[in-house]
Structures are given as structure tokens and as C-alpha cells.
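1. the following block contains a protein sequence and its predicted model.
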Amino acid sequence: QLQLVESGGGLVQPGGSLRLSCAASGFRLDYYAIGWFRQAPGKEREGVSCISSGGSNTAYADSVKGRFTVSRDNAKKTVYLQMNGLEPEDAAVYYCAASALSHCSGYARRGYDLWGQGTQVTVSS
């Protein structure tokens, strides 16, 4: 069964950090770019970051540049999103998704074939 499973979400104070994980099963993770997305209540899902299949190329939304870092360990079939300096505006359900391509090509949802179930990130004092 092809599957992506996110974990690592939780409650954190403003300025705090979390590391999200996205574990793949049932397919070769190293073939595909992986995107991270988030959706806050009442808002559209937005792209946050992307990492190419080999990990050499990454991309970030302007709102998270300098604070978030995406990485991957293909041997462990896992992609990570390190989030530092979290702000209340970062609170959302975070999703990872496997692209149909090996390189990052934007955040259009039609470009991503397989999605995880999401993990909740809450930023509050």
C-alpha cells in the first residue's frame, strides 16, 4: 500500500521549534520530490517547502524562508521539516505529498499524487 505518514506535530510556544517527519511506505521515495503543505482553518492549502528526489535542491515559501529547513533520508524513506522560530501564523495542519516528478516544480496540487493524512501544529502561549 502506497502511503505517506506525517508525525511530529504538537503544541509549541511562539519562538519554539518542531521537527515534522514524513515516512513513506509501499514505493521508492528516492524517485520523487516531496512537498510540504499546510492548511489553517478557513484558509486554502498552501505550499511551504519542497525537496528534490536526491535532496540537492530545495525550495521554500517566502513566509518560512530562514526559519524552516527541509531534508530527507532516502535510506530511511523519510523526509523532514525542521521548523524554528514558530509564529502563531504557522499554526495549521501540515501535509507532505509526493510529486509526480523528481524535481520541485511549484506547489500546484495537481502535481502531487500521494498525500499524507496531516499532522497538527499549534503555536500558542
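-> Alright, I've got the coordinates. Numbering: from 1, shown residues only.

2. settle this for me: Asp30 is touching Gly55, isn't it.
-> No: between Asp30 and Gly55 there is no contact under Cβ atoms under 8 Å: 9.1 Å. To be clear about C-beta, it is placed using only N, CA and C from the backbone, and glycine gets the same treatment.

3. between those two, what contacts are shared?
-> Taking Cβ atoms under 8 Å, 6 or more residues apart in numbering as the criterion, Asp30 and Gly55 both touch Asn74.

4. which residues does the residue positioned nearest the centre of the chain contact?
-> In the chain, the C-alpha nearest the mean C-alpha coordinate belongs to Trp36, at 2.5 Å (Cα atoms, centre = their mean). Taking Cβ under 8 Å, 6+ apart, we find Trp36 in contact with 20, 22, 47-50, 70, 79, 81, 94-97.

5. swap in Tyr80?
-> Arg19, Leu20, Ser21, Cys22, Val70, Ser71, Arg72, Asp73.

6. report the contact partners of Gly15.
-> Gly85, Leu86.

7. tell me how far the nearest residue to Gly85 once chain neighbours are set aside lies from Tyr60.
-> Leaving aside its sequence neighbours, Gly85 sits nearest to Arg67 (Cβ to Cβ, 6 or more residues apart in numbering; 4.4 Å). Separation of Arg67 from Tyr60 (Cβ to Cβ, to the nearest Å): 9 Å.
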